[in-house]
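In: Any chance you can model this:
(chains A and B, ligands or ions: 2)
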Amino acid sequence: MKEVSFGQFYPVDSFIHRMDPRLKLVFLIGFIVAIFVANSFYGLAACAGVLILIIAFSRVPVLKILRAVKGILFLVIFTAAINILFHTGDHVYWQWKIFCVTRGGIIFSAYLILRLVLLVVCSSMLTYTTTPVSLTDGIESLLTPLKWIRFPVHALALIMSIALRFIPILMDETERIKNAQKARGADFESGGPVKRIRAFIPILVPLLLSAFRRAEELGDAMDARCYGGKKRTKYKKLRFTWRDLVGFLTLALLITGVALLRVYVGDIV
Amino acid sequence: MRIQCEHLSYTYNAGSPFAVNALRDVSLTIEEGEFFGILGHTGSGKSTFVQHLNGLLRLPSSLKKYKPKKPKKGETPPPAPVLRVGDYDLTDKKTDFRALRKKVGMVFQYPEYQLFAETVEKDVAFGLKNFLQKGEKLSEEEIKSAVSDALSIVGLDGREMAVRSPFDLSGGQKRRVAIAGVIVTKPEILILDEPAAGLDPLGKREVMELLHNIHGDWCKTVLIVSHDMDEIAENCTRAAVFSEGTVAMCAPPAELFKNAEALLSLGLDIPLTAKLVLALKERGIDVDCDYTTEDFIAKVLALKGGRA
Ligand SMILES: Nc1ncnc2c1ncn2[C@@H]1O[C@H](COP(=O)(O)OP(=O)(O)O)[C@@H](O)[C@H]1O
Ligand SMILES: [Mg+2]
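Out: Numbering: from 1, shown residues only, chains lettered A, B, ... in the order given. Ligands and ions are numbered 1, 2, ... in the order given. Model (predicted):
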C-alpha cells in the first residue's frame, strides 16, 4: 500500500526539484504546445533532447520514469495499431478489406507514439519533482487572474491541498483498520463478488467515521485559529530564481526552434 | 504457546527512498503464561514486532512468491530468521495464518476505532463467526452466551450492552467492547498495543485490572506494548526494552529498573517507585524493592519501623 506514495513524488534534491512550481507548470504547457507544433523528425528530436536534459538534471532514476510509460503502454499500442490500419495513402505495403498499411501510416503512428511518450514522461517529471503541496501552491498562484472575476481560487486551492494531504493519512488508516479486522479473522481475499464487497463493510464504516471525525477536528482547529481572515500570508513564498530563468529560456528556445523548423523544414513525410 | 524469535529483521518500503529499518536482528523468547511487557520509545519498532506474531506482517520466506536468494561467493549470509509461535512456524509458506490468528489475538492501538456493527453484540460476534472452521456452526444461543461472557470479563454488563450501538458508548466502554471483540474467541496469546493510551488514570487502572482477569484462565499469555513504566512495573512478569529496532534489555521489572541509568540513557522514563528509590539513595537510604507500589511502601515502612 505504501509503495504508491501519492503524486509519485521522488524525494531527492536537484536543480529541477528546486525550480518554482509555477515555472514547471508553464513549462509543461509550453512543452505540450511544442510537441504538437513540431511536425518533423528534427522538431520532435529537439523536444526529446530537452526532456532528456530535464531527466538528467532531476536525478530521478530512469527506471522510475519507464514505469510511468508502462502505465500507458496499452493506450500507445492501441492508438498506434488503429492509426496504422486506417491511414490511407500511397506506398501501400499490405491491404485487406478496409485495412491497409501504408508508409504514411507507419510514419504517422511513429510520430504519435513519440508524442504520447514525450507527453507522459514530461508530466510525470512534474509530479516526480514537485510535492503535491507546492504544486497546488503553483496552481493557485497561476490562477490568480481568475480572482478578478470573483472565482474562489484560494478556496479551491485549499480544498485541493487538504484532499492531497489527507490521501496518505486515509491510506494509513485503511491499512490499520484492515489489519485490525484481519486480526479478528476477516477475510478479504476469498469468496464470490458479493461476499468480497460485504467483507469491506467492516473497513468502510470505521474509515468513513474517522474521515468525518478528522474533517470536523480540522474545521474546529481552523476556526480556533481564525482561519478565513482577509489577507493571508504564505509560509513558503514562491520565488523565481536563476534556475527558473534557465528553464524559461530553454522553453522559449524550444518553441521558437520547433516553430522555425515547421516553417522552413516542413511536413512529416 | 511459546513465542520464539531469532534474528528477525524488517524493513518497510524496502528498496525505495522511503525505506525504514524498523527491526534489526531481534531475538526474544516469551514463555507460555507470562504477562510480558514491551517497552520503548515511539518508533522503536514495538508495533512492527508484535504484528509479526500473528502474521499481519510476514517474513519474506513465508510469502507465496518468495524465492530464496543464492548467497554471493565469499559472503557469509546473515543468519536465517526463526519465528515460532507454539507449533506454528511463521517462516514457512505452508503455515495456516488464519488458524494462527485465532490463537493469537491482537488488540491494536485505539481499538475503539475499529468498531463497525450496529450493535455491540454483532460487533463482538464478528471475530467469533469469522474464525469458524468450514462446516462448523454456532447456534444463536451459543453466540449470545459467548458474547455475553466476553463482555462480562471486560467488566461490562452483557445483557444490557448487547443491544446498544457501539457508537453511543463512552470512550472507555468502547475500548472494552473492542477488547471483548478480540478475546471472544479465547486466544491463547493476547497481544495489546498500548491498551491504556489516551485513557484517564482511572480508566488505565481499570484496563490493567481487566487484563489481569483475562490473564490465566482466559488467555494463557498476555503481551502488552506500553511506554508507561508504572504500568510495566506493577503488572509484568518480564519486559523487553526496544530501542531503534533492537532489543536493548530483557528482564523482570525488578531487575530492569535497578538499572535506571541505562533506561534513562535510552531516553525512557522510569517508574515513580524507581525515582523514589533513587532519591532515597541520594539521601543514603537503600530500599531494595521490586518496584511495585505495594512492595515499595511495605519496604519503606519496614525501614522506618526498624529505625523508630
Ligand atoms: N506502515 C509503515 N510504513 C512505513 N514505515 C513504517 C510503517 N509503520 C511503521 N513504520 C516505521 O517503522 C518504525 C517503527 O515503527 P513502529 O513499529 O510503529 O514503532 P512503535 O510502535 O515502537 O512506535 C518507525 O520509524 C516508523 O516510522
Ligand atoms: Mg506503536
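In: Would you state the helices of the chain in chain order?
Out: Unless you meant another one, I'm taking chain A. Ranges of helices within chain A are A:21-37, A:41-58, A:62-71, A:73-86, A:103-129, A:132-142, A:153-183, A:193-199, A:201-224, A:242-264, based on DSSP state H.
In: actually chain B
Out: B:46-53, B:97-103, B:120-130, B:140-153, B:158-161, B:171-183, B:201-214, B:229-235, B:253-256, B:260-265, B:272-282, B:293-307.
In: most tightly surrounded among those helices?
Out: Most buried of the helices of chain B, by mean neighbour count (mean count of other Cβ atoms under 10 Å in any protein chain shown): helix B:171-183, with a mean of 24. Every C-beta, even on glycine, is put in place using the N, C-alpha and C of the backbone.
In: and A:Leu143, which of the helices of chain B is closest to it?
Out: Set against A:Leu143 and scored by Cβ to Cβ, these come closest in helix B:46-53, at 42.3 Å.
In: If I look at A:Lys2, what pLDDT would I see?
Out: For A:Lys2, the model assigns a pLDDT of 40.
In: Same question for A:Ile268.
Out: Note on A:Ile268: pLDDT of 55.
In: Show me the beta-bridge partners of A:Val92.
Out: For A:Val92, the beta-bridge partners under DSSP bridges are A:Thr102.
In: Report the separation between it and B:Arg205.
Out: Using Cβ to Cβ, to the nearest Å, we find A:Val92 at a distance of 88 Å from B:Arg205.
In: again, but for A:Leu238
Out: 53 Å.
In: any weak-confidence spans in the stretch 151-300 of chain B?
Out: By pLDDT under 70, the stretch 151-300 of chain B has no low-scoring segment.
In: and the residue nearest to A:Gly30 when sequence neighbours are not counted, how many residues sit next to it?
Out: Nearest residue to A:Gly30 in three dimensions, chain neighbours excluded: A:Leu251, at 4.6 Å (Cβ to Cβ, 6 or more residues apart in numbering or on different chains). For A:Leu251, the count of nearby residues is 20 (other Cβ atoms under 10 Å in any protein chain shown).
In: how about the residues of chain B that lie near ligand 1?
Out: Within chain B, the positions lying close to ligand 1 (Cβ under 6 Å from any ligand atom) are B:12-13, B:20, B:22, B:40, B:42-48.
In: State the pair within those that is farthest apart.
Out: Largest pairwise distance in these, by Cβ to Cβ, is 21.1 Å, between B:Asn13 and B:Gly40.
In: Those two: who's more crowded?
Out: Taking other Cβ under 10 Å, B:Asn13 and B:Gly40 do not tie; B:Gly40 has more neighbours (26 against 12).
In: For B:Leu8, see how far away the residue lying closest to the more buried one once chain neighbours are set aside is.
Out: Take B:Gly40 and drop its neighbours on the chain: the residue closest to it by Cβ to Cβ, 6+ apart is B:Phe242, 3.3 Å away. Noted for B:Phe242: a distance of 12 Å to B:Leu8, by Cβ to Cβ.
In: next one: B:Arg159
Out: As for B:Arg159, its distance to B:Leu8 is 44 Å (criterion: Cβ to Cβ).
In: how about A:Asp137, what does it touch?
Out: For A:Asp137, the contacting residues are A:21, A:157, A:161, A:234, A:236, A:238, by Cβ atoms under 8 Å, 6 or more residues apart in numbering or on different chains.
In: between those residues, which has the most around it?
Out: Using other Cβ under 10 Å as the neighbour test, the contacts of A:Asp137 are led by A:Pro21, with 23 neighbours.
In: Give me the distance between that residue and A:Met222.
Out: Going from A:Pro21 to A:Met222 by Cβ to Cβ gives 24 Å.
In: Same check on B:Ala239?
Out: 42 Å.
In: Could you check which of the two is surrounded by more residues?
Out: B:Ala239 (26 against 13).
In: Not counting residues beside it along the chain, what's closest to the more buried one?
Out: Using Cβ to Cβ, 6+ apart, the closest residue to B:Ala239 is B:Gly37 (3.5 Å).
In: ok, back up a step: wait, isn't the residue nearest to A:Gly30 in contact with A:Leu28?
Out: No - between A:Leu251 and A:Leu28 there is no contact under Cβ atoms under 8 Å: 9.7 Å.
In: thinking again about what came up before, now mean pLDDT too, for the helices of chain A, in CSV please.
Out: Below are the helices of chain A laid out as CSV (pLDDT from 0 to 100):
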stretch, mean pLDDT
helix A:21-37, 93
helix A:41-58, 92
helix A:62-71, 83
helix A:73-86, 84
helix A:103-129, 88
helix A:132-142, 87
helix A:153-183, 88
helix A:193-199, 85
helix A:201-224, 93
helix A:242-264, 91
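In: Nearest to ligand 1, out of those helices?
Out: helix A:153-183 (6.5 Å; Cβ to the nearest ligand atom).
In: Work out the gap between the closest one and the centre of the chain.
Out: Chain-centre distance of helix A:153-183: 19 Å, with Cα atoms, centre = their mean, to the nearest Å.
In: how close does the residue nearest to B:Gly40 get to B:Met229?
Out: Distance from B:Phe242 to B:Met229, by Cβ to Cβ: 14 Å.
In: list the residues that contact both of these two?
Out: Overlap of the contact sets of B:Phe242 and B:Met229 (by Cβ under 8 Å, 6+ apart) consists of B:Leu39.
In: List the buried residues in stretch A:58-66.
Out: Counting neighbours by 16 or more other Cβ atoms under 10 Å in any protein chain shown, one finds that the buried residues in stretch A:58-66 are A:58, A:60, A:65.
In: now do the same end-to-end measure for it.
Out: The separation between the terminal residues of stretch A:58-66, taken as Cα to Cα, to the nearest Å, is 15 Å.
In: and what of stretch B:155-175?
Out: End-to-end span of stretch B:155-175 (Cα to Cα): 11 Å.
In: residue at max distance from the center of chain A?
Out: Within chain A, A:Lys97 marks the point farthest from the mean C-alpha position, 40.0 Å out by Cα atoms, centre = their mean.
In: what pLDDT does that residue get?
Out: 73.
In: quick one: contacts for it?
Out: A:Lys97 is in contact with no residue at all, counting by Cβ under 8 Å, 6+ apart.
In: Could you measure from the closest residue to A:Thr130 other than its chain neighbours over to A:Tyr128?
Out: Spatial nearest neighbour of A:Thr130, excluding adjacent residues (Cβ to Cβ, 6+ apart): A:Pro21 at 5.2 Å. Plainly put, A:Pro21 is 13 Å away from A:Tyr128 if you go by Cβ to Cβ.
In: I'd like to know which residues of chain B are adjacent to chain A.
Out: Selection of chain B residues close to chain A by Cβ under 8 Å from any Cβ of the partner chain yields B:12-13, B:16-18, B:51, B:54, B:56, B:98, B:101-102, B:105-106, B:108, B:111, B:113-117, B:126-127, B:130-131, B:167, B:181-182, B:185.
In: from memory A:Ile55 sits against A:Val62, does it?
Out: Yes - with contacts counted by Cβ under 8 Å, A:Ile55 reaches A:Val62, the gap being 6.9 Å.
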